[in-house]
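Asker: Sharing a model that was predicted from the sequence below.
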Amino acid sequence: MNKTTIAAVSALLLLILLWLCGWWVSREPDLVIEEVQQGMQQEDGSRVVGYSTTTALIRVTETLLQKRGGYLANDVLPPFSLLDNMPAWEFGVLEMSRDLALALRKDLSRSQSQSAENAFLRIAQPQLNIDHRSWVLPSAESEYRKAIGQLYLYRNGLADPKQTDSQFYARADNLRDWLKNVEKRLGSYSQRLSASVGQERFNTDLAGDVAARQSTEAPDRRYVKTSWWQIDDEFYEARGATWALLHFLKAVEIDFAEVLQRRNAMVSLQQIIRELEAAQQPIHSPMVLNGSGFGVLANHSLVMANYISRANAALIDLSELLQQG
């Protein structure tokens with residue numbers, strides 16, 4: 001073979017190797033629910049309240065850093081810089097983790113509005129909010145590891161009877177406040193996924209209040225359609241968010257068991273978990289398909305939007321049950 005042929009074959013082999021490497025690191029990690037649900041028992045046999053929820057946040061965040069290929073969203077070298085599905089999945093996980101970290105800091109770890117913030121959570125929560133694409137000075141991974149370290153300290157304090165500064169309050173109002181934020185997050189994902197086929201939407205921004213006003217005028221109707229280049233990113237971001245939320249709700253099932261049973265709301269939580277589990281079914285297609293509604297081809301975005309919408313509807317019902325008292 002001449003030099004030109006050798007160079008062409010080498011380039012082809014290099015491309016194949018890069019593609020295989022990209023495919024390998026783009027595999028979604030397994031669920032770690034069993035580790036979340038193990039919890040920790042006190043000397044009297046009762047579970048440490050908040051241990052499972054904090055463990056869920058720790059393990060979900062650690063998975064971002066320890067899965068195949070590590071954390072990819074801020075990589076600047078190929079083939080990792082050319083990937084978009086896994087970075088989108090990571091961002092969905094990160095968004096749900098940020099919401100829970102904020103809820104831990106301002107609600108779940110505080111007894112009332114005038115109580116002091118937990119010292120560990122005050123450090124951990126901002127560190128999770130660094131730009132997820134930051135790769136140097138500081139890198140996203142380094143900040144996330146620091147946040148995880150602070151979460152471990154907070155969790156250790158929950159399990160140590162001598163450290164009364166670290167507390168977790170499993171109350172209905174605390175849980176409901178966090179769930180209301182989750183509702184908005186899921187509602188956004190449902191709308192964005194549904195826009196994969198394009199649709200005309202009515203403006204309902206001010207519905208329900210005749211005196212309501214908004215900053216600038218908006219049209220009564222507008223056509224919304226996700227760019228063809230963004231469809232798979234929207235899908236994987238939603239899939240990552242539901243993956244993380246599934247772990248968090250499994251932990252809530254343990255830490256808030258008495259609250260949920262007292263309001264006969266456990267079955268509502270279990271229904272939400274079932275919908276989220278369905279959203280994590282394996283994808284038997286080499287790419288995210290975008291069929292037109294009832295067309296010949298499937299539309300994976302609409303299927304995901306269906307599961308998320310059903311989970312969100314059950315979440316709204318659960319919030320109402322928690323409010324009733």
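Answerer: That came through, no problem. Residues are numbered from 1 along each chain as shown.

Asker: C-alpha from now on. contacts and neighbour counts both.
Answerer: Will do.

Asker: Please identify the helix or strand for Pro219.
Answerer: Assignment of secondary structure by DSSP states H and E places Pro219 within no helix or strand.

Asker: Next, count neighbours for it.
Answerer: 7 (other Cα atoms under 10 Å).

Asker: Quickly note the distance from it to Phe202.
Answerer: Per Cα to Cα, to the nearest Å, Pro219 is found 9 Å from Phe202.

Asker: what's the answer for Leu153, then?
Answerer: Counting by Cα to Cα, the gap from Leu153 to Phe202 is 48 Å.

Asker: Which one of those two is surrounded by more residues?
Answerer: The neighbour comparison of Leu153 against Phe202 (other Cα under 10 Å) goes to Leu153, with 15 against 11.

Asker: what's the closest non-adjacent residue to the more buried one?
Answerer: Phe120 (6.8 Å; Cα to Cα, 6 or more residues apart in numbering).

Asker: Give me the buried positions along whichever strand or helix holds that neighbour.
Answerer: In this structure, Phe120 sits in helix 119-127 according to DSSP H and E. Along helix 119-127, these residues count as buried under the neighbour rule (16 or more other Cα atoms under 10 Å): 120-125, 127.

Asker: Helices of the stretch 1-150 of the chain, residue ranges please.
Answerer: Assigned by DSSP state H, counting those that start in this stretch, the helices in the stretch 1-150 of the chain fall at 3-25, 33-37, 51-66, 85-103, 119-127, 140-159.

Asker: Relative to Thr226, which of those helices is closest?
Answerer: Set against Thr226 and scored by Cα to Cα, the helices of the stretch 1-150 of the chain come closest in helix 85-103, at 15.1 Å.

Asker: which other helices and strands contact the closest one?
Answerer: helix 51-66, helix 119-127, helix 172-194, helix 231-255 (3 or more Cα pairs under 8 Å, 6 or more residues apart in numbering; DSSP states H and E).

Asker: Determine which stretch of those is the most buried.
Answerer: helix 231-255 (a mean of 24; mean count of other Cα atoms under 10 Å).

Asker: Following element in sequence after that one, please.
Answerer: Next along from helix 231-255, by DSSP H and E: helix 257-262.

Asker: about what we covered before: need the helices and strands packed on helix 85-103 in TSV (columns: mean pLDDT and distance to Gln280).
Answerer: Formatted as TSV, those follow (pLDDT from 0 to 100; distance: least, Cα to Cα, whole Å):
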stretch	mean pLDDT	distance to Gln280
helix 51-66	95	15
helix 119-127	96	27
helix 172-194	94	15
helix 231-255	95	7
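
Asker: right, so of those, which gets closest to Leu82?
Answerer: helix 231-255 (12.9 Å).

Asker: my guess is Ile272 contacts Ala314, does it?
Answerer: Yes. With contacts counted by Cα atoms under 8 Å, Ile272 reaches Ala314, the gap being 6.0 Å.

Asker: just the angle between the helix holding Phe120 and helix 140-159, please?
Answerer: 160 degrees (axes from the mean of the first three to the mean of the last three Cα atoms, to 10 degrees).

Asker: And helix 119-127, what does it pack against?
Answerer: helix 85-103, helix 140-159.

Asker: Next, count neighbours for Phe294.
Answerer: 8.

Asker: actually Asn156, sorry about that
Answerer: 14.
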